[in-house]
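Participant: quick one: sequence plus predicted model below, questions after.
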Number of protein chains: 2
Amino acid sequence: MAKTHTLYQHGTLALLVPGLLDGTITMKELLEHGDTGIGTGEGLDGELVILDGVPYQVDSDGKVNVVKDDFTLPFANSHFAEYRHLTEIEQLSQPELDKKILSMTSNNTFFSLLVHGTFTNIKTRAVKKSHKPYATLGKTAENQSIFLKESVEGTLLSYYSPQIFDGAAVGGFHHHFLSDDHDFGGHVLGFGGATGQVEIQQFDTLEQHLPIQNKDYMNYDFSDWDILGEIHNAEN
Amino acid sequence: MAKTHTLYQHGTLALLVPGLLDGTITMKELLEHGDTGIGTGEGLDGELVILDGVPYQVDSDGKVNVVKDDFTLPFANSHFAEYRHLTEIEQLSQPELDKKILSMTSNNTFFSLLVHGTFTNIKTRAVKKSHKPYATLGKTAENQSIFLKESVEGTLLSYYSPQIFDGAAVGGFHHHFLSDDHDFGGHVLGFGGATGQVEIQQFDTLEQHLPIQNKDYMNYDFSDWDILGEIHNAEN
């Protein structure tokens, strides 16, 4: 039976900071924990959006590819979709949407949003895949492409994590986007107006899986890093 | 099949800080996720140590009780024991033990220790159960009893969590103790010398369960608290 109250996470946001970018889970394995999800590929190879069991990758050229079972990822989330209708929105900017949702639901557990509709002035990014030896997140993120659309129909797939999990997960909202035409998407940096249906799925469990087979991860000394400071610089 | 690579956690360390001390899981439910574990009862009612499926509570009088299935807890860990021998130790203080273990194993994943042997100058504490409206952790912890033993045979049950999970879990080591004679134990504040066998069990997964049925938890605004600062004051 699908565990629709569980959010699965492989890796941590923190491990991206020093550049521990080996792919440590395959897409096949990730899909065993959900038909819906987000992530990034080995070496920060694009931005993933999984919808209805199909894993789409927005690469640094802005192209949308369906990736294979053996595609690997250092950091990803997935869950089995069982959304319920929450609200309709009209011309809400990203901060307005975030604020509205948090006024309607608890900030103290994990949940996912699925917003389908029209997005105006939406800005996304995708990072270009890097190779070993990997640079730090700060350096690698300099190689990101930024994409803009004045108006596009599509799906915003978001995860919300309580602030106490910041660093392990992305504290607050983490939004990815895929257009209906599969020609635009990525990690969302912002939008001017979203109009459409908002669905929500609340979780009671985070299943946090760590890449204990990966020696670089297991042997790494994180203590020299201001992990949260680096994350907030790179994510914004 | 028992999931011996998974550490189950109910609640967060953070929720204790403002005094969200309702028992939100029963011992029966906790034991479904493991035969070994630690925790505290509703209202910080003593310190729990679960060994071989038997849940012992050290109360604030220092008495050791076996609790019933319907005993409830706001915060607890459990897992299915499958320890392996790690090392032998002789007259190691708590900081020396912690340091030795971290030099032998990765700091970047969750693990449990089981140390059986003789402990000298061991200091434990157990908090007295409080009732609603609960005070904050800082206030409630003032009602703790401190217990000392010059020398005692028993079991140290410890969990280690990577620092990035501090606040959700107890970052670093969290040690509980139970004497072989079941007449001494609690949350460990320190020991002068431990001599005996150290066993370890490493996990690749944290199954973090949150009390989403509890309105006090779900509606609480954590943003006014310096959660980590409060925790480090209360835990040390």
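Facilitator: Noted; the coordinates are in hand. Because the structure is a prediction, the values reported are computed rather than measured.
Participant: point to the residue nearest the middle of chain A.
Facilitator: Centroid-nearest residue in chain A, with CA atoms, centre = their mean: A:I38, separated by 4.2 Å.
Participant: so it makes contact with A:L48?
Facilitator: Yes: between A:I38 and A:L48 there is a contact at 5.8 Å, judged by CB atoms under 8 Å. For the C-beta atoms, the positions are set from N, CA and C on the backbone; glycine is no exception.
Participant: which neighbours do the two share?
Facilitator: A:A76, A:H176 (CB atoms under 8 Å, 6 or more residues apart in numbering or on different chains).
Participant: tell me the contacts of the closest residue to A:S161 other than its chain neighbours?
Facilitator: If the residues on either side of it in the chain are set aside, A:S161 comes closest to A:A169, at 3.8 Å by CB to CB, 6 or more residues apart in numbering or on different chains. Listed by CB under 8 Å, 6+ apart, the contact partners of A:A169 are A:Q9, A:T12, A:L13, A:N77, A:F110, A:Y159, A:S161, A:L206.
Participant: and which of the residues you listed is nearest chain B?
Facilitator: Among the contacts of A:A169, A:L206 lies closest to chain B (CB to the nearest CB), at 4.3 Å.
Participant: who does the helix or strand hosting that closest one pair up with?
Facilitator: Under the criterion of DSSP states H and E, A:L206 resides in strand A:205-209. Paired with strand A:205-209 in the same sheet, following DSSP bridges, are strand A:6-10 (parallel), strand B:205-209 (antiparallel).
Participant: wait, which of the ones you listed is closest to B:D98?
Facilitator: Nearest of the strands paired with strand A:205-209 to B:D98, taken as CB to CB: strand B:205-209 at 19.9 Å.
Participant: who touches the strand holding A:L206?
Facilitator: Against strand A:205-209 from outside (CB under 8 Å, 6+ apart): A:3, A:5-12, A:25, A:33, A:110, A:161, A:165, A:168-169, B:204-210.
Participant: what subset of the residues you listed is buried?
Facilitator: Among those, those classed as buried by 16 or more other CB atoms under 10 Å in any protein chain shown are A:5-12, A:25, A:33, A:110, A:161, A:165, A:168-169, B:205-210.
Participant: buried set for stretch A:92-104?
Facilitator: For stretch A:92-104, using 16+ other CB under 10 Å, the buried residues are A:L92, A:Q94, A:L97, A:D98, A:I101.
Participant: quick check: mean pLDDT across the helix ranked longest in chain A?
Facilitator: In chain A, with assignment by DSSP state H, the single longest helix is helix A:94-104. If you average the pLDDT over helix A:94-104, you get 98.
Participant: so the helix or strand bottoming out on mean pLDDT in chain A, near chain B or not?
Facilitator: Of all helical and strand segments in chain A, the minimum by mean pLDDT, DSSP states H and E falls on helix A:227-235, at a mean of 81. Yes: using CB under 8 Å from any CB of the partner chain, helix A:227-235 reaches chain B at A:I227.
Participant: what packs against that helix?
Facilitator: Here helix A:227-235 touches helix A:137-140, going by 3 or more CB pairs under 8 Å, 6 or more residues apart in numbering or on different chains; DSSP states H and E.
Participant: tell me if the helix it packs on is near chain B.
Facilitator: No: Helix A:137-140 does not reach chain B (CB under 8 Å from any CB); its nearest approach is 14.2 Å.
Participant: contacts for that helix, please.
Facilitator: If you take CB under 8 Å, 6+ apart as the criterion, helix A:137-140 is touched by A:16-19, A:21, A:43-44, A:127, A:130, A:134, A:230-231, A:233-234.
Participant: okay, the helix or strand harbouring A:Y217 in PDB with CA atoms only?
Facilitator: Secondary structure assignment for A:Y217, by DSSP H and E: helix A:215-219. Extracted C-alpha coordinates of helix A:215-219, given in PDB (Å, rounded to 0.1, in the frame of the first residue of the first chain):
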ATOM      1  CA  LYS A 215      32.700   7.400   1.400                       C
ATOM      2  CA  ASP A 216      33.100  11.000   0.500                       C
ATOM      3  CA  TYR A 217      29.900  11.800   2.400                       C
ATOM      4  CA  MET A 218      30.600   9.600   5.400                       C
ATOM      5  CA  ASN A 219      34.100  10.900   5.900                       C
END
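Participant: buried residues in it, which are they?
Facilitator: Those would be A:D216, A:Y217, A:M218, for helix A:215-219 by 16+ other CB under 10 Å.
Participant: before we move on, the earlier item: so how far is A:G19 from the residue nearest to A:S161?
Facilitator: Applying CB to CB, to the nearest Å, the value for A:A169 to A:G19 is 19 Å.
Participant: show me the contacts for A:E230.
Facilitator: A:V17, A:T136, A:L137, A:G138.
Participant: what about it, distance to A:K128?
Facilitator: 19 Å.
Participant: and for A:K3?
Facilitator: 35 Å.
Participant: likewise A:L15?
Facilitator: 19 Å.
Participant: comparing those two, which residue is more hemmed in?
Facilitator: Per other CB atoms under 10 Å in any protein chain shown, whichever of A:L15 and A:K128 has more neighbours is A:L15, with 26 against 16.
Participant: how about the more buried one: what's its closest non-neighbour residue?
Facilitator: A:Y217 (6.0 Å).
Participant: equivalent analysis for A:M218, please.
Facilitator: In space, A:M218 is closest to B:S106, 4.0 Å off (CB to CB, 6+ apart).
Participant: I'd like to know how many residues surround that neighbour.
Facilitator: 17.
Participant: show me the contacts for it.
Facilitator: Per CB under 8 Å, 6+ apart, neighbours of B:S106: A:I212, A:M218, A:N219, B:Q202.
Participant: now the residues you listed as JSON lines including distance to A:T120 and pLDDT?
Facilitator: What follows is the contacts of B:S106, written out as JSON lines (distance: CB to CB, whole Å; pLDDT from 0 to 100):
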{"residue": "A:I212", "distance to A:T120": "44", "pLDDT": "98"}
{"residue": "A:M218", "distance to A:T120": "45", "pLDDT": "98"}
{"residue": "A:N219", "distance to A:T120": "47", "pLDDT": "97"}
{"residue": "B:Q202", "distance to A:T120": "49", "pLDDT": "98"}
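Participant: near chain B, which residues of chain A show up?
Facilitator: A:12, A:14, A:106-110, A:162-165, A:167-168, A:202, A:204-210, A:212, A:217-223, A:227.
Participant: quick one: low-confidence parts of chain A?
Facilitator: A:1-2, A:235-236 (pLDDT under 70).
Participant: try it again at 80.
Facilitator: Within chain A, the ranges that satisfy pLDDT under 80 run A:1-2, A:234-236.
Participant: who's in contact with the helix or strand A:F173 falls within?
Facilitator: Assigned by DSSP H and E, A:F173 belongs to strand A:172-179. For strand A:172-179, the surrounding residues in contact (CB under 8 Å, 6+ apart) are A:38, A:47-49, A:51, A:56, A:58, A:64, A:94, A:98, A:101, A:113, A:119, A:122, A:124, A:149, A:152-161, A:163, A:166, A:184-188.
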